[in-house]
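**Student:** Here's my sequence, what's the structure:
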Amino acid sequence: MKIYLYPSEAAEKRVAAIIDRGLSYTRKDYQDVARMLDDVKKNGDKAVIRYTNRFDAPSLTAGQLEVTDREIKAARKLVDRAFIGALDRAASQIETFHQHQVTNSWIQADRLGVLLGQMVNPVDAAGVYVPGAKGGETPLVSSVLMGGIPAKIAGVKTIAMVTPPTRNGSINPHLLVAAQKAGIHKIYKAGSAWAIAALAYGTETIPKVNVIVGPGNIYVTLAKKIVAGTVGIDMIAGPSEILVIADRSANPEYIAADLLSQAEHDPLASAILITDQKEIAQAVKAAVAEQLDTLQRSEIAKESIQKYGGIMIVPNLTIAIELANRFAPEHLELQVENPFDFV
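**Tutor:** Sure, this is the predicted structure:
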């Protein structure tokens, strides 16, 4: 991970490259995704299974698309107590946060014969997309919780989850246990653009939903972009980003782990450290190099760091905040002694 002195010409060039990268896709990408969506719309389960067999699980059949109660029960026996403890804590924190976001209906009758107001009701069905990479290699438990729990709090009647199966046609047990914790009602073994199409249009097995939420790669993002309007979506998300501002009180090992947690998502991901301490910069650089070797997706993380990562050494934390505001990152961490001084 390269270290830059900011401000400088080299640092400014790096900053510009990261900020300007945007959501990059080709005309072929768009056409390929549009073709997949149309295929699923016309051919239903047959198309979903064709793509799933080609990219994820070669032997999966239409009859195995929906996860069974038996599979969920078996999953509970495959996760350890430490995971259950972490899951319970995370779910509790996410639920507490989203409880504060609940919007209430209201009616105003200030004038005789005139009623003004807003009725806030949940949709009937929501779809939660949970990334897993090709063959379900990188299951994201956090996406299960962050997609499912808000829908449960809102009172959505049917919450369906789609996620890529592994090569043997199964779903990572941690995802299944998390889905049950999040209040998800149905789980389907499908990923990428064809899963979004199934949720948007419906198939023989996967029912149509009203809203689709959840992160994904460029193909998932393009699919959501195309079906927006047919169904509601949460947003058109760009590549993953994390920016850490750190002072001398920060732990370099923790910083490195957090940077890599986003860098491994996608070659377009951005992982940036801004610090006013040369020693922290050098320690984090060393920690990133060491931890990279332990990642299953180390090649992706290395590529994203090489293209869009960096460590910026700034004169002081005020400049660090100004620089962070230029990036406007998806994830921002203040690993400093007095974080509320900068909020």
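
**Student:** For residue 256, identify the helix or strand it belongs to.
**Tutor:** helix 252-263 (DSSP states H and E).

**Student:** quick one: contacts of that helix?
**Tutor:** For helix 252-263, contacts defined as Cβ atoms under 8 Å, 6 or more residues apart in numbering pick out 1, 240-242, 244, 246, 269-273, 280, 283-284, 286-288, 290-292, 295, 300-301, 304-305, 309, 330-331, 333, 335. From N, CA and C alone the C-beta is placed, and that goes for glycine too.

**Student:** Could you tell me how far it lies from the centre of the chain?
**Tutor:** Put simply, helix 252-263 sits 16 Å off its chain's centre (Cα atoms, centre = their mean, to the nearest Å).

**Student:** I'd like the mean pLDDT over that helix, please.
**Tutor:** The average pLDDT for helix 252-263 rounds to 97.

**Student:** need the strands for the stretch 1-150 of the chain, in chain order.
**Tutor:** 3-5, 106-108, 116-118, 125-129 (DSSP state E, counting those that start in this stretch).

**Student:** Of those strands, flag the one that's most buried.
**Tutor:** Comparing these by mean neighbour count (mean count of other Cβ atoms under 10 Å), strand 125-129 comes out on top with a mean of 28.

**Student:** Tell me if I'm right that residue 55 and residue 192 touch.
**Tutor:** Yes. Counting by Cβ atoms under 8 Å, residue 55 does reach residue 192; the two are 6.8 Å apart.

**Student:** So between the two, which is more surrounded?
**Tutor:** residue 192 (25 against 14; other Cβ atoms under 10 Å).

**Student:** In contact with the more buried one, which residues are there?
**Tutor:** Contacts of residue 192 by Cβ under 8 Å, 6+ apart are 36, 51, 55, 164, 216-217, 219-220, 223.

**Student:** In a markdown table, list those along with distance to residue 314.
**Tutor:** Listed next are the contacts of residue 192 as a markdown table, based on distance: Cβ to Cβ, whole Å:
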| residue | distance to residue 314 |
| --- | --- |
| 36 | 45 |
| 51 | 47 |
| 55 | 43 |
| 164 | 41 |
| 216 | 34 |
| 217 | 33 |
| 219 | 37 |
| 220 | 35 |
| 223 | 40 |
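
**Student:** of those, buried ones?
**Tutor:** Among these, those classed as buried by neighbour count (16 or more other Cβ atoms under 10 Å) are 36, 51, 164, 216-217, 219-220, 223.

**Student:** Tell me which of the strands of the stretch 1-150 of the chain sits nearest to residue 100.
**Tutor:** Minimum separation from residue 100 across those (Cβ to Cβ) falls at strand 106-108, 17.4 Å.

**Student:** on contacts alone, who are the packing partners of that closest one?
**Tutor:** Contacts defined by 3 or more Cβ pairs under 8 Å, 6 or more residues apart in numbering; DSSP states H and E place strand 106-108 against strand 116-118.

**Student:** what's the pLDDT at the residue positioned nearest the centre of the chain?
**Tutor:** Centroid-nearest residue in the chain: residue 215, 3.8 Å away (criterion: Cα atoms, centre = their mean). What the model reports for residue 215 is a pLDDT of 92.

**Student:** Equivalent analysis for residue 236, please.
**Tutor:** Predicted confidence (pLDDT) for residue 236: 89.

**Student:** Only C-alpha atoms, please: export the host helix or strand of residue 151 in PDB.
**Tutor:** Following DSSP H and E, one finds residue 151 within helix 141-154. Output of helix 141-154 as PDB, limited to C-alpha atoms (Å, rounded to 0.1, in the frame of the first residue of the first chain):
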ATOM      1  CA  VAL A 141     -23.900 -12.100   6.900                       C
ATOM      2  CA  SER A 142     -24.100  -8.400   7.400                       C
ATOM      3  CA  SER A 143     -26.100  -8.000   4.200                       C
ATOM      4  CA  VAL A 144     -28.700 -10.500   5.600                       C
ATOM      5  CA  LEU A 145     -29.100  -8.500   8.800                       C
ATOM      6  CA  MET A 146     -29.100  -5.100   7.200                       C
ATOM      7  CA  GLY A 147     -31.600  -6.000   4.500                       C
ATOM      8  CA  GLY A 148     -33.900  -8.200   6.500                       C
ATOM      9  CA  ILE A 149     -34.200  -6.500   9.900                       C
ATOM     10  CA  PRO A 150     -35.400  -3.100   8.600                       C
ATOM     11  CA  ALA A 151     -38.100  -4.900   6.500                       C
ATOM     12  CA  LYS A 152     -39.200  -6.900   9.600                       C
ATOM     13  CA  ILE A 153     -39.400  -3.700  11.600                       C
ATOM     14  CA  ALA A 154     -41.400  -2.000   8.900                       C
END
